[in-house]
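1. Predicted structure and sequence below. I'll ask about it afterward.
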Amino acid sequence: MPARVHAILVVRPDGRTPAAFHLRRTLAALATQSRAVDALTIVLCGDDERAAEVAGDSTAESVVRAPASTCFADAVALVSPRLDGDALWLLAQDTAPEPDALARLAGALELAPSVALVAPKLVRWDDRSEIVSLGLGMTRLGRTVEHAAGELDQGQHDGTEDVLGADVRGILVRSDVWQTLAGLDRALRGADEGLDLGVRARLAGARVSLVPGALVATASDGVAGLPSPLTGQRRRQRAFASRTAQLHRRLVYAPLAAVLLHWLAILPLAVWRTLVHLVGKQPGLIGPEWAAAFVAWVRVRAVARSRTRLASVRTQSWAQLAPLRTTRAHLRERLDEDPEAAAGIRIRSELRFFSGGGAWLVLAALAVSVAAFPALLAWPVLGGGALQPLRSTVVQLWADATFGMRALGAATVGPADPFAAVIAVLGSLAPWEPSRALVALWVLALPLSALGGWFAATRVTERSVLRLAGGALWALAPTFLIALTNGRPAAVIAHLLLPWLFYAGSVAHRSWAGAGAASLLLIGVVATAPVLAPALGALWVAALLVLIVLRAGHGATRLIWTLVPTLCLAAPLVWHAIHARDLWTLLADPGAPWAGPQVAADAAGRALLAAGIPTPDLAGWATLLPEGPTWWVPLLAAPLALLALAAPLTQRWAVGIALLLVAAFGIATAFAAVGVAVAFSEATSVALWPGTGLSLAWLGVVGGAVVALDAGLAPRLALVRGLSAFAVVAAVAVIAVPALTAGARGTTLLTSGPASTLPAYVAAEGRDDPDIGTIVLTPQNDGGVSARIVWGGSETLGSQATIVSTRTDPTAQDTAIAELTADLMTSAADDIVADLAGYGVKFVLLAPAAPPESDAARALRLSASTALDQRETLDAVGDTAKGALWRVTTEVAPRPTESDAVEGLAALIAAVQLVAVAAALLLSLPTAASRREARRTPRVVGPHWREGR
């Protein structure tokens with residue numbers, strides 16, 4: 001055995017437990033060693049008086065004081081010049097050796113003269129059956145690999161001796177080797193210190209050996225080695241230290257010719273690893289990654305010192321270390337290990353989409369959709385209601401979704417509606433003809449709705465019959481079917497996305513995959529239904545408070561993230577509204593403004609809203625039975641509502657209350673929205689559509705009813721449960737009959753096309769040139785005239801902008817266009833066509849007034865037609881289905897372009913939004929690790945009130 005062993009014990013108050021508490025046990029363990037230490041030096045970092053008192057009462061030969069910021073390597077270096085012994089034993093306040101630990105370590109060092117250092121088996125402080133560390137390996141790129149961390153100690157690794165390195169805690173090093181290697185590398189700052197020491201010892205011709213029989217308990221306070229990842233701060237600290245050490249060692253170990261390449265690759269690698277962390281559902285590691293990259297990038301002198309130290313002792317080639325490196329196959333085997341799966345532990349049940357009837361429900365909904373809308377299968381473009389064609393190319397679709405020049409107005413510059421991005425995504429699914437994607441959406445709307453409802457039901461019940469009922473009820477929602485038959489694309493898309501938002505959002509606190517998916521879905525819901533933003537925001541705040549109060553904030557960061565991408569996309573529009581001092585415009589329904597049928601803002605109208613019906617025709621029953629009684633129609637929704645109200649009375653009362661809260665916010669949104677107008681279509685005010693609020697309310701009501709049937713009846717009453725679910729679905733199906741038969745009866749507002757809102761002559765020229773300008777003049781039945789400039793071949797769904805449709809105060813451009821229109825329609829006025837061409841306008845369209853045309857509108861149209869015919873620089877193209885068309889024959893100026901400042905701002909906004917969406921998308925992508933984690937949690941949210949604690 002070594003003649004003398006000098007133990008160095010470093011104490012620093014870094015842990016969650018007071019340093020004195022761990023120090024007492026460590027000192028007691030040293031006092032009971034069967035082979036006592038010959039010298040003990042305690043290095044006390046900081047001004048912890050209790051730790052100083054404990055150290056002063058110990059048998060240590062000396063106590064060295066150091067600043068609290070002193071790292072382990074620096075603390076050991078303070079004692080190194082005064083070493084008194086043949087071997088050095090490195091300990092910290094939280095490393096308590098077993099009584100025979102030193103005897104075993106010293107014996108192993110004595111028996112093998114070629115061994116430079118020996119390392120014990122580190123076990124948990126409070127459970128010696130779990131291994132904390134037993135040898136370290138390293139990949140070719142310098143990644144540190146633990147050989148047995150986290151495993152139960154069953155002696156499976158006790159035969160291992162030669163390793164590349166080991167955890168620095170508890171190692172016993174020969175004093176002469178320690179002096180030759182110049183101790184620990186201080187630049188590592190607490191990570192991989194033992195591994196680096198072992199690598200240098202190996203390159204100096206010595207060996208590193210394990211002594212599995214020597215046990216040292218460690219609490220992982222972080223004084224020596226890495227801290228245990230018990231808190232978010234510790235996880236970030238651990239990640240920063242590990243990555244900093246890896247980058248430093250890579251620069252130190254690399255051949256001289258490759259050092260510059262490694263140094264230049266640090267920042268690009270940080271970008272790549274940022275994406276990897278997002279895909280791996282570890283966004284908390286992004287900050288430490290960049291901090292470590294910056295530290296490694298600027299710490300050139302530390303790298304030079306470490307390379308010099310390594311070169312001075314190296315006598316062996318790197319090839320000698322190859323057998324001890326961790327291979328890719330071994331690393332993959334370690335990463336694929338899943339102890340819980342191997343033990344058969346699986347909390348989550350099977351999905352049972354096919355065996356539970358979910359697939360049959362979707363197929364049945366598809367059959368109903370084809371039967372209800374058979375003509376849509378042959379239509380290339382969908383029209384009617386608020387529907388409009390889409391841009392002809394994908395590039396134009398995405399151009400409408402960016403900040404800059406809008407497609408309506410003379411030179412309107414401003415933010416795009418987030419809805420334009422939703423339309424761009426939809427149109428990109430059919431790049432050869434984007435408008436067909438909207439037709440396909442209408443055909444598939446019913447099965448997609450049933451699919452979303454079924455998956456949302458899996459979050460509240462495991463019973464197949466109730467999942468089927470939930471999917472059917474969601475697909476048969478009156479507000480959804482009315483939006484389908486009336487042509488409200490934003491409301492339809494919002495209804496399709498809401499169940500998926502519930503599916504992902506209800507588990508967003510559990511995993512980053514759920515949070516990422518929920519953040520993307522929230523973008524879509526708020527973009528298609530801005531009126532839901534206050535309700536969703538209130539629900540988000542309530543969920544956050546629940547996490548803070550009941551779960552001590554666990555999962556709150558993930559929930560907070562769900563809001564970030566939506567804020568990034570909505571920020572330009574919000575800023576514009578703040579600048580315009582009109583925040584109410586943010587609630588405007590996106591897309592083409594259309595004053596379609598909806599209930600009145602009176603008691604009768606609100607009663608229909610309470611029944612889930614947003615139109616005064618009782619979901620179509622008033623037209624189906626024009627002479628018959630229809631008072632019973634709203635009562636068909638009563639059984640569903642009663643079941644939802646009973647949900648808080650069941651064993652799963654917490655879930656029932658949460659779902660009723662969702663329903664309450666939805667109903668409140670519908671009540672507040674009805675009759676409120678913030679947008680305009682020519683001279684007609686357009687009220688907010690209350691149907692999207694009813695969709696949110698329907699989500700809560702259906703969920704509450706499913707919970708009531710699931711938890712309110714005993715398991716033996718399966719037949720009663722099934723019959724109850726069938727009765728509720730049948731009642732709602734009766735409400736849906738008029739909407740599902742509207743196509744066959746010819747009462748639907750859907751039409752085939754038009755392919756363009758402008759004449760075919762203009763559409764042909766503007767199909768591939770979005771800078772073709774057309775001024776559309778529309779006489780109003782109340783005596784005025786509407787004038788708007790349309791760019792491209794048509795007004796499109798994605799090119800609509802609420803900053804235009806909600807504007808109440810005219811801009812200077814609006815005033816100029818109004819004056820130009822008045823002169824253009826007056827025969828006595830000077831030739832104004834040149835001014836019109838100066839705006840880039842090439843065509844003039846005199847559109848008919850909305851039917852029935854009033855006498856005033858007809859007189860104004862005829863006088864305007866006469867005035868336009870008399871203009872020498874206007875060439876009459878002729879009468880078209882869209883109105884009378886003239887072409888400007890003078891030289892037309894180019895369309896006004898954006899300034900450099902606007903283009904720069906647009907690029908910045910697009911970059912921020914793309915980063916936010918890309919981060920959310922990467923977080924939402926499933927990985928093997930996220931799937932394993934999901935299997936350890938129940939699919940149903942809130943099986944009882946203690947869930948999640």
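-> Sure thing, it's come through. Numbers count the residues shown, from 1 in each chain.
2. which residue packs closest to Leu860, ignoring adjacent ones?
-> Spatially, and ignoring its direct neighbours in sequence, Leu860 is nearest to Pro779 (4.2 Å; C-beta to C-beta, 6 or more residues apart in numbering). C-beta here means a position set from N, CA and C on the backbone, and glycine is covered the same way.
3. In the stretch 701-850 of the chain, mark out all the strands, start to finish.
-> Counting by DSSP state E, counting those that start in this stretch, the stretch 701-850 of the chain has strands at residues 751-752, 773-779, 785-791, 841-846.
4. What helix or strand is Thr26 located in?
-> Using DSSP states H and E, Thr26 maps to helix 19-31.
5. In that helix, which residues are buried?
-> Across helix 19-31, burial judged by 16 or more other C-beta atoms under 10 Å covers Ala19, Ala20, His22, Leu23, Arg24, Arg25, Thr26, Leu27, Ala29, Leu30.
6. ok, so of these, who is nearest Thr937?
-> For the buried residues of helix 19-31, the closest approach to Thr937 (C-beta to C-beta) belongs to His22, at 33.9 Å.
7. May I ask which helix or strand encompasses the residue lying closest to Ala533 once chain neighbours are set aside?
-> For Ala533, ignoring the flanking residues on the chain, the nearest one in space by C-beta to C-beta, 6+ apart is Val526 at 5.2 Å. Per DSSP H and E: Val526 is located in helix 512-528.
8. and what of Leu397?
-> helix 394-399.
9. Let me see the mean pLDDT of that helix.
-> In this model, helix 394-399 has a mean pLDDT of 93.
10. Ok, stretch 318-334 next?
-> 77.
11. With stretch 544-560 instead?
-> Per-residue scores along stretch 544-560 average to 89.
12. next one: stretch 652-663
-> 93.
13. Same question for stretch 760-771.
-> On average, stretch 760-771 scores 86.
14. ok, and for it, which residues are buried?
-> Residues of stretch 760-771 classed as buried: Tyr761, Val762, Ala763, Glu765, Gly766, Arg767, Pro770 (neighbour count, 16+ other C-beta under 10 Å).
15. The nearest residue to Arg463 once chain neighbours are set aside: neighbouring residues, count only.
-> Nearest residue to Arg463 in three dimensions, chain neighbours excluded: Asp710, at 6.0 Å (C-beta to C-beta, 6+ apart). Asp710 has 25 neighbours, counted by other C-beta atoms under 10 Å.
16. How about the contacts made by Asp710?
-> Counting by C-beta atoms under 8 Å, 6 or more residues apart in numbering, Asp710 makes contact with Val460, Thr461, Glu462, Arg463, Leu466, Thr650, Arg652, Arg721.
17. What number of residues are in the vicinity of the fifth one?
-> Taking other C-beta under 10 Å as the neighbour definition, Leu466 ends up with a count of 23.
18. My read is that it contacts Val706, right?
-> Yes. With contact defined as C-beta atoms under 8 Å, Leu466 reaches Val706; the gap is 5.0 Å.
19. anything in contact with each of those two?
-> The contact sets of Leu466 and Val706 overlap at Ala457 (C-beta under 8 Å, 6+ apart).
20. The helix holding Thr26 packs against which elements?
-> Helices and strands touching helix 19-31, by 3 or more C-beta pairs under 8 Å, 6 or more residues apart in numbering; DSSP states H and E, are strand 5-11, helix 49-56, strand 87-92, strand 95-97.
21. Helices of the stretch 201-350 of the chain, start to end?
-> 232-253, 256-264, 266-279, 286-298, 300-313, 328-336, 339-342 (DSSP state H, counting those that start in this stretch).
22. For those, state which one has the densest average packing.
-> helix 232-253 (a mean of 21; mean count of other C-beta atoms under 10 Å).
23. Could you list the residues in contact with the top helix by length along the chain?
-> Identified as the longest helix of the chain according to DSSP state H is helix 900-924. The contact list for helix 900-924 (C-beta under 8 Å, 6+ apart) reads 275, 278-279, 281, 283, 402-404, 413, 415, 512-513, 515-517, 519-520, 523, 561, 564-565, 568-569, 572, 898.
24. Which strands and helices lie in contact with the helix or strand following it?
-> Scanning forward in sequence from helix 900-924 by DSSP H and E, the next helix or strand is helix 928-935. Counting contacts by 3+ C-beta pairs under 8 Å, 6+ apart, helix 928-935 packs against helix 512-528.
25. and the following helix or strand past the helix it packs on, how far out from the chain's middle?
-> Downstream of helix 512-528, the first helix or strand assigned by DSSP H and E is helix 533-550. Computed by C-alpha atoms, centre = their mean, to the nearest Å, the chain-centroid distance of helix 533-550 equals 17 Å.
26. residues in contact with helix 533-550?
-> So helix 533-550 is contacted by 509, 522, 525-526, 553-556, 559-560, 562-563, 586-587, 661-662, 665-666, 668-669, 693, 696, 948-949 (C-beta under 8 Å, 6+ apart).
27. doesn't Ala787 make contact with the residue nearest to Leu860?
-> No. If you go by C-beta under 8 Å, Pro779 and Ala787 don't touch, sitting 10.5 Å apart.
28. ok, back up a step: could the helices of the stretch 201-350 of the chain be laid out in JSON lines, adding distance to Ala87?
-> Converted to JSON lines, the helices of the stretch 201-350 of the chain look like this (distance: least, C-beta to C-beta, whole Å):
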{"stretch": "helix 232-253", "distance to Ala87": "25"}
{"stretch": "helix 256-264", "distance to Ala87": "34"}
{"stretch": "helix 266-279", "distance to Ala87": "38"}
{"stretch": "helix 286-298", "distance to Ala87": "33"}
{"stretch": "helix 300-313", "distance to Ala87": "19"}
{"stretch": "helix 328-336", "distance to Ala87": "32"}
{"stretch": "helix 339-342", "distance to Ala87": "37"}
